[in-house]
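Peer 1: sequence isn't available, so here's the structure alone:
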């Protein structure tokens, strides 16, 4: 029967079947994502067909239904592989903090690149508002203005005090939402604040390194009492793009893509080309210099890969 993957633990997947049962399942055969090599061929959110094993309470996933969308990151352990974070989502929340751990704007842009390529609405959720100084709040307001101008709403919240949680609940209603971000930003704490009773494990940021420590080990989907589903995921250390070509980067920075139609050359990459409308927009302030610097950084990473790494028929 049909079902939806609600948890991925590597070799085993928990699938919620049409009749409401949860079944531990393994994969039968191989599943591919075009030419992309994957560390995990099935992701939380995938719709699958399950055959129950004779005389057992376990099943075999024998069919993967077409995906509406998906979010990928480069594997941290296997350089030429990608890792599926989630599939078939309605929206994504990237959770960040100004302090504890310190904000990394470049990471936000890298995450947005993965959701923009599939037209997934994405919100930037700034957690831990209860610990911020006036300078921190000024940074948050600047962040909200910069991303708000290009269509990415920013919401300031606190899992500890409950500030902004009602706004999140309204956005989550009747949607399947991916929660992602660095370790230590409070994803699990936010889930606990959104729905009492889930009691996800939480952990403080390390005093020694200033970095977050993993509390969520595997991606897992939770049902909300008010309607909707959330997918909590392990903290992401970095985002790589071995699955992208340079043109993909240019096309998925939305303000750069919109402005590029005024460039002199149709294949302009907005680096050293003459009569580049994007560079003009950066100089005039119409495009954020911070976003442009992120664009150049990601472009350099992608162009630094050998072409065979991006295009090999895997």
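Peer 2: Nice, thanks for sending it over. These numbers were taken from a predicted model, which means no experiment stands behind them.
Peer 1: list the contacts for the residue lying farthest from the centre of the chain?
Peer 2: Here the centre of the chain is the reference, and by C-alpha atoms, centre = their mean the most remote residue is residue 55, at 38.9 Å. With contact set as C-beta atoms under 8 Å, 6 or more residues apart in numbering, residue 55 has no partners. Where C-beta positions appear, they are placed from N, C-alpha and C, glycine not excepted.
Peer 1: looking at this, it is in a strand?
Peer 2: No. According to DSSP: H, G, I helix; E, B strand; the rest coil, residue 55 belongs to no strand; its state is coil.
Peer 1: flag the shaky bits of the protein, pLDDT-wise.
Peer 2: Scanning the chain for pLDDT under 70 picks out 197, 199-217, 238, 306-314.
Peer 1: quick one: the helices in it?
Peer 2: 105-116, 134-148, 165-172, 187-194, 246-252, 254-260, 277-284, 289-304, 307-311 (DSSP state H).
Peer 1: tell me where the stretch 1-150 of the chain has strands.
Peer 2: 2-8, 13-17, 22-27, 47-52, 59-64, 70-74, 82-87, 91-96, 122-126 (DSSP state E, counting those that start in this stretch).
Peer 1: how much space between the closest residue in space to residue 104 that isn't next to it in sequence and residue 7?
Peer 2: Closest residue to residue 104 apart from its sequence neighbours, by C-beta to C-beta, 6 or more residues apart in numbering: residue 182 at 7.2 Å. Plainly put, residue 182 is 22 Å away from residue 7 if you go by C-beta to C-beta, to the nearest Å.
Peer 1: neighbour-wise, which of the two wins?
Peer 2: Between residue 182 and residue 7, counted using other C-beta atoms under 10 Å, the more crowded position is residue 182 (23 against 18).
Peer 1: pull the contacting residues for residue 194.
Peer 2: 165, 168, 169, 172, 224, 230.
Peer 1: how about residue 98?
Peer 2: By C-beta under 8 Å, 6+ apart, residue 98 lies in contact with 126, 128, 132, 136, 139, 140.
Peer 1: and for residue 239?
Peer 2: 73, 74, 107, 110, 111, 113, 114.
Peer 1: surely the fifth one meets residue 94?
Peer 2: Yes. Assessed by C-beta atoms under 8 Å, residue 111 is found in contact with residue 94 at 4.9 Å.
Peer 1: between those two, which one's more packed in?
Peer 2: residue 94 (26 against 23).
Peer 1: how near is the more buried one to residue 59?
Peer 2: 33 Å.
Peer 1: before we move on, the earlier item: of the contacts of residue 194, select the buried ones using a PyMOL command.
Peer 2: In PyMOL, this line selects whichever of the contacts of residue 194 come out buried by 16 or more other C-beta atoms under 10 Å:
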select buried, resi 168+169+172+224+230
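Peer 1: can you put the contacts of residue 194 in CSV and add distance to residue 262?
Peer 2: Compiled in CSV, those are given as follows (distance: C-beta to C-beta, whole Å):
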residue, distance to residue 262
165, 42
168, 38
169, 42
172, 38
224, 44
230, 40
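Peer 1: wait, which of the contacts of residue 194 is closest to residue 145?
Peer 2: residue 168 (20.4 Å; C-beta to C-beta).
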